[in-house]
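Student: Output the structure for:
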Amino acid sequence: MVVGSSNSGKSSLFQSILGEMDSKNDARFRIAGSVCFMDQKRFLVNGTILDNITFGKKLDESELQLALQNSELIQDLKCMNDGLHTVVGEISDTVSGG
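Tutor: Okay, the predicted model is just below:
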């Protein structure tokens with residue numbers, strides 16, 4: 001696990017390990033096993049939070065609750081007047097980019 005303050009280079013470290021960033025000192029990394037990296041660039045469709053979770057797919061309540069729990073959105077949704085029906089996306093200031 002890599003932890004650090006905002007703008008401390010965490011994403012750059014991973015990008016360099018994955019070969020997605022040029023190294024100034026020609027460093028090489030060897031990865032044994034599999035790697036998954038999720039960048040922090042947000043992607044939101046114009047719609048509700050629920051729309052951004054389901055992308056039009058029908059989810060049963062247990063699947064939805066599991067998705068909310070895994071993404072740690074439950075507490076955030078409690079702070080929003082419209083909860084899952086809060087509008088987000090390019091035209092919304094509701095959700096922070098960070």
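
Student: neighbours of the residue lying closest to residue 84 once chain neighbours are set aside, just the number please.
Tutor: Spatial nearest neighbour of residue 84, chain neighbours left out: residue 50 (4.2 Å); criterion: Cβ to Cβ, 6 or more residues apart in numbering. Every C-beta, even on glycine, is put in place using the N, C-alpha and C of the backbone. Neighbourhood size, residue 50 [other Cβ atoms under 10 Å]: 17.

Student: buried residues in the lengthiest helix in the chain?
Tutor: In the chain, with assignment by DSSP state H, the single longest helix is helix 61-70. Residues of helix 61-70 classed as buried by neighbour count (16 or more other Cβ atoms under 10 Å): residue 68.

Student: Can I get that helix as PDB, trimmed to CA atoms?
Tutor: C-alpha atoms of helix 61-70 as PDB (Å, rounded to 0.1, in the frame of the first residue of the first chain):
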ATOM      1  CA  GLU A  61     -30.700  -4.400  -3.900                       C
ATOM      2  CA  SER A  62     -28.000  -6.700  -2.600                       C
ATOM      3  CA  GLU A  63     -25.700  -5.900  -5.600                       C
ATOM      4  CA  LEU A  64     -26.300  -2.200  -5.200                       C
ATOM      5  CA  GLN A  65     -25.600  -2.300  -1.400                       C
ATOM      6  CA  LEU A  66     -22.400  -4.300  -2.100                       C
ATOM      7  CA  ALA A  67     -21.300  -1.700  -4.700                       C
ATOM      8  CA  LEU A  68     -22.000   1.100  -2.300                       C
ATOM      9  CA  GLN A  69     -20.100  -0.600   0.500                       C
ATOM     10  CA  ASN A  70     -17.100  -1.500  -1.600                       C
END
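
Student: just checking, what packs against that helix?
Tutor: Using 3 or more Cβ pairs under 8 Å, 6 or more residues apart in numbering; DSSP states H and E as the contact test, the elements touching helix 61-70 are helix 49-54.

Student: what packs against the helix it packs on?
Tutor: helix 61-70.

Student: can we see that at 10 Å?
Tutor: Under the contact criterion of 3 or more Cβ pairs under 10 Å, 6 or more residues apart in numbering; DSSP states H and E, helix 49-54 touches helix 61-70, helix 74-78, strand 87-88.

Student: Perfect, I'm done here.
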